[in-house]
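> Mind looking at a prediction? Sequence and model below.
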Amino acid sequence: MLTGDGPAPYAIAERDVPEQKVVCVRRHVGAAELPGFLAEATEVLFDHLRQAGACLSGPVFAAYRGLVGEDCDGLVEVCVPTRSPVEPGPRIAVRVEPAHREAYTALARRDTGYAAMAAAHDAVGAWLHARGHARGGPSREVYHPNWATASSPDERVADVACPFVPASGGAGAPVGGRTEPRPAAAVGRAPGGRG
């Protein structure tokens, strides 16, 4: 997870994410190293898929398994989903990402700087806390295919998300054999800069 400063409203929604096989690279990085690591890891993973003749089956995402900041290094895992047969390699793991429900907020190109994305992580965390939901996995950034090519500052390019276990009996619980999305709500940053 990242930490950010400054209040900002975010529309938070929920979605179900199916189980998926992912090819991934992990590294401890600080805020200054993060952009380079994300780009390098993504290229290494795409190259690994190409060499295996494997196809991408969903958006690339980065799971934040530790705090990433200006003065601290956190464990970041860049993941590339695939349904194709693929083996691990040097520095590359293959694992199954469990199915889960997640809260997320969509980000436009203009909202993808470090501070804005950190504030979005805080907002998603505050939304979960306010509803009594328990985190069900690490916070993540989901990068849409147009991440590198979006020309408009208003174009949606990423989501900040966090898997969660719903509070018992709350909205968003399964209804009639399927899960209903909860309406979007505007929330602000959590006190203390943590989500």
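Right, received. Where do you want to start?
> Need the phi and psi values for the closest residue to H28 other than its chain neighbours.
Closest residue in space to H28, ignoring its immediate chain neighbours: D73 at 4.4 Å, by Cβ to Cβ, 6 or more residues apart in numbering. (C-beta placed from N, C-alpha, C; glycine too.) Note on D73: its backbone torsions stand at phi -100, psi 140 [degrees, to the nearest 10].
> distance of D73 from H129?
Separation of D73 from H129 (Cβ to Cβ, to the nearest Å): 25 Å.
> What of A119?
For A119, the distance to H129 equals 15 Å [Cβ to Cβ].
> for the protein, what spans make up the strands?
Using DSSP state E, the strands of the chain run over residues 10-17, 20-29, 60-64, 74-81, 93-97, 100-108, 134-135, 139-143, 156-165, 174-175, 178-179, 185-187.
> Is it possible to get TSV of these that adds distance to A115, mean neighbour count and mean pLDDT?
Below are the strands of the chain laid out as TSV (distance: least, Cβ to Cβ, whole Å; neighbours: other Cβ atoms under 10 Å; pLDDT from 0 to 100):
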stretch	distance to A115	mean neighbour count	mean pLDDT
strand 10-17	13	19	95
strand 20-29	17	19	97
strand 60-64	15	22	97
strand 74-81	16	22	97
strand 93-97	28	14	97
strand 100-108	12	21	96
strand 134-135	22	14	95
strand 139-143	14	23	96
strand 156-165	13	23	96
strand 174-175	37	10	33
strand 178-179	33	11	30
strand 185-187	17	16	30
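> Identify whichever of the ones you listed lies nearest to T149.
With Cβ to Cβ as the criterion, T149 lies closest to strand 156-165 of these, at 8.9 Å.
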